[in-house]
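Q: Fold the following, please.
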Amino acid sequence: MSNPVLVEVTRGQLVESRHRGMVSVIDAEGTPVMALGEVSTPVFPRSAVKSMQALALVESGAADAYGFGDKELALACASHSGEPEHMRLAGDMAARAGLSEADFECGCHWSSHQRVLIDQARAGDMPDQLGNNCSGKHAGFLCLSCHAGVDHKGYVGYDHFVQSTIRDVMGDLTGAALGHDNCGTDGCSIPTYAAPLNRIAHGFARMASGVGLGAERAKAAQRLMSACMAEPFYVAGTRRACTDLMELAPGRIFAKTGAEGVFCATLPEKGYGIALKCEDGSTRGAEAMIGTVLAKLFADDQELSGKLRTWTQKQLKNWNRIEVGVIRPTGDLA
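A: Model (predicted):
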């Protein structure tokens, strides 16, 4: 079985490109709500599971010890654009544990926000680790380690306390065995684990509903997702998909993208967990998929469903701003 074509890209009256994918939507009891493609296939969720990776920060008491509010918790779950607000807050989070940019182990890259990138280049400012899209998550890792009284050096390593703790949390949430056999290295140098797509979706359903979780973990999950929905700019940034989706339905959608065409989301009011992957790793395909899935799940709310469908079907324009085609859902997704 091959994954179905779920998104197509047109030029003129013809289809120019197609994106295959898989979608899993699971309810709080673990029952499939939607399943398209080979949903039992293991995938690397990459940054889409940062809220799972941040659970220990809250459960351990570290977030409270360092006075973290919604913005800090949202940034701990973020793949941000490296805008000034993101960088300042990541540095502030680490400073509360007595650390600095030099203690991060995520590496450096330029801002992904074009205006900020141009300003950096014009000023001759070389990027540092606070501008890494994962710096908020890494600030959380540093604070977790310091709060536990563990040497933070090498915190990105497989055997470090931080990564061992995260592995246990994610294994518990998804019910998947996570270890060396299904481990890779993420862009920010931490371990990333391939798990069946439907197990990842179920993990998010458990976070959204609290079903099957202990009281403290359920409370921590709710707090993290509420923080992200309250401060969506700190989860992504200006004109980013995660921010846009959460702003379209305040408090009703938690959404988080990951590299290589992954998207995860929850609908807290329904207790649904969502995980999907555009097979070829395309961001445009994954964004069309998540917007359409959310529109379908909110079919009983015509206004919101309409907004989501409008957001999903994007026009393609050339450099003269002439419309040349569209990105749209197709097949079983449409």
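Q: Residues contacting the lowest-mean-pLDDT helix or strand in the chain, please?
A: Least confident helix or strand of the chain, by mean pLDDT, DSSP states H and E, is helix 114-123 with a mean of 89. Identification of contacts with helix 114-123 by Cβ atoms under 8 Å, 6 or more residues apart in numbering yields 81-84, 110-111, 125, 127. Glycine gets a C-beta too; all of them are placed from N, C-alpha and C.
Q: Rebuild the residues you listed as TSV, extending it with secondary structure.
A: Supplementary listing: those in TSV, determined by DSSP: H, G, I helix; E, B strand; the rest coil:
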residue	secondary structure
81	coil
82	coil
83	coil
84	helix
110	coil
111	coil
125	coil
127	coil
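Q: Quick check on those residues: which are buried?
A: 81-83, 111, 127 (16 or more other Cβ atoms under 10 Å).
Q: re the thing from before, closest to residue 201 among the contacts of helix 114-123?
A: residue 81 (26.4 Å; Cβ to Cβ).
Q: Number of residues surrounding residue 86?
A: Using other Cβ atoms under 10 Å, residue 86 has 28 other residues around it.
Q: Relative to residue 105, how far out is it?
A: Distance of residue 86 to residue 105, computed by Cβ to Cβ, to the nearest Å: 18 Å.
Q: In stretch 5-16, which residues are buried?
A: 5-10.
Q: Among those residues, which one lies nearest to residue 288?
A: Using Cβ to Cβ, those come closest to residue 288 at residue 7, 4.5 Å.
Q: Format the contacts of helix 114-123 as a markdown table; extra columns: distance to residue 293.
A: What follows is the contacts of helix 114-123, written out as a markdown table (distance: Cβ to Cβ, whole Å):
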| residue | distance to residue 293 |
| --- | --- |
| 81 | 24 |
| 82 | 28 |
| 83 | 28 |
| 84 | 33 |
| 110 | 32 |
| 111 | 30 |
| 125 | 39 |
| 127 | 34 |
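Q: residue boundaries of the helices in this protein?
A: Along the chain, the segments classed as helices by DSSP state H run 50-53, 55-59, 62-65, 70-76, 84-95, 114-123, 135-147, 161-174, 197-209, 215-230, 241-248, 283-297, 302-312.
Q: Lowest average pLDDT across those?
A: Mean pLDDT values for these show the minimum at helix 114-123, a mean of 89.
Q: Restricting to C-alpha, output that helix in PDB.
A: The C-alpha coordinates for helix 114-123 follow below in PDB (Å, rounded to 0.1, in the frame of the first residue of the first chain):
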ATOM      1  CA  GLN A 114      13.300  37.900   6.300                       C
ATOM      2  CA  ARG A 115      13.200  41.400   7.800                       C
ATOM      3  CA  VAL A 116      15.300  40.300  10.800                       C
ATOM      4  CA  LEU A 117      17.700  38.400   8.600                       C
ATOM      5  CA  ILE A 118      18.200  41.500   6.400                       C
ATOM      6  CA  ASP A 119      18.800  43.600   9.500                       C
ATOM      7  CA  GLN A 120      21.300  41.100  10.800                       C
ATOM      8  CA  ALA A 121      23.200  41.000   7.600                       C
ATOM      9  CA  ARG A 122      23.200  44.800   7.200                       C
ATOM     10  CA  ALA A 123      24.500  45.300  10.700                       C
END
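Q: how far off helix 84-95 does it point, in degrees?
A: 80 degrees (axes from the mean of the first three to the mean of the last three Cα atoms, to 10 degrees).
Q: which parts of helix 114-123 are buried?
A: 116-117, 120.
Q: next one: stretch 18-33
A: Buried, per 16+ other Cβ under 10 Å, within stretch 18-33: 19-28, 30, 33.
Q: what does stretch 292-311 give?
A: Using 16+ other Cβ under 10 Å as the burial criterion, the residues of stretch 292-311 that qualify are 292-298, 304-305, 307-309, 311.
Q: Name the nearest of those relative to residue 271.
A: Distance ranking of the buried residues of stretch 292-311 against residue 271, using Cβ to Cβ, places residue 297 first at 11.4 Å.
Q: what's the spacing between residue 236 and residue 151?
A: 32 Å.
Q: Go ahead and confirm residue 32 touches residue 197.
A: No. Assessed by Cβ atoms under 8 Å, residue 32 is found out of contact with residue 197, at 11.3 Å.
Q: intersection of neighbour lists for the two?
A: Contacts common to residue 32 and residue 197, judged by Cβ under 8 Å, 6+ apart, are 24, 39.
Q: Now, the buried residues of stretch 5-16 that are in strands?
A: 5-10 (DSSP state E).
Q: quick one: which two of those are the most distant?
A: 6 and 10 (14.7 Å).
Q: could you redo the helices of the chain as JSON lines and give each row distance to residue 190?
A: JSON lines is the format used below for the helices of the chain (distance: least, Cβ to Cβ, whole Å):
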{"stretch": "helix 50-53", "distance to residue 190": "8"}
{"stretch": "helix 55-59", "distance to residue 190": "13"}
{"stretch": "helix 62-65", "distance to residue 190": "17"}
{"stretch": "helix 70-76", "distance to residue 190": "13"}
{"stretch": "helix 84-95", "distance to residue 190": "16"}
{"stretch": "helix 114-123", "distance to residue 190": "25"}
{"stretch": "helix 135-147", "distance to residue 190": "8"}
{"stretch": "helix 161-174", "distance to residue 190": "6"}
{"stretch": "helix 197-209", "distance to residue 190": "17"}
{"stretch": "helix 215-230", "distance to residue 190": "18"}
{"stretch": "helix 241-248", "distance to residue 190": "20"}
{"stretch": "helix 283-297", "distance to residue 190": "21"}
{"stretch": "helix 302-312", "distance to residue 190": "31"}
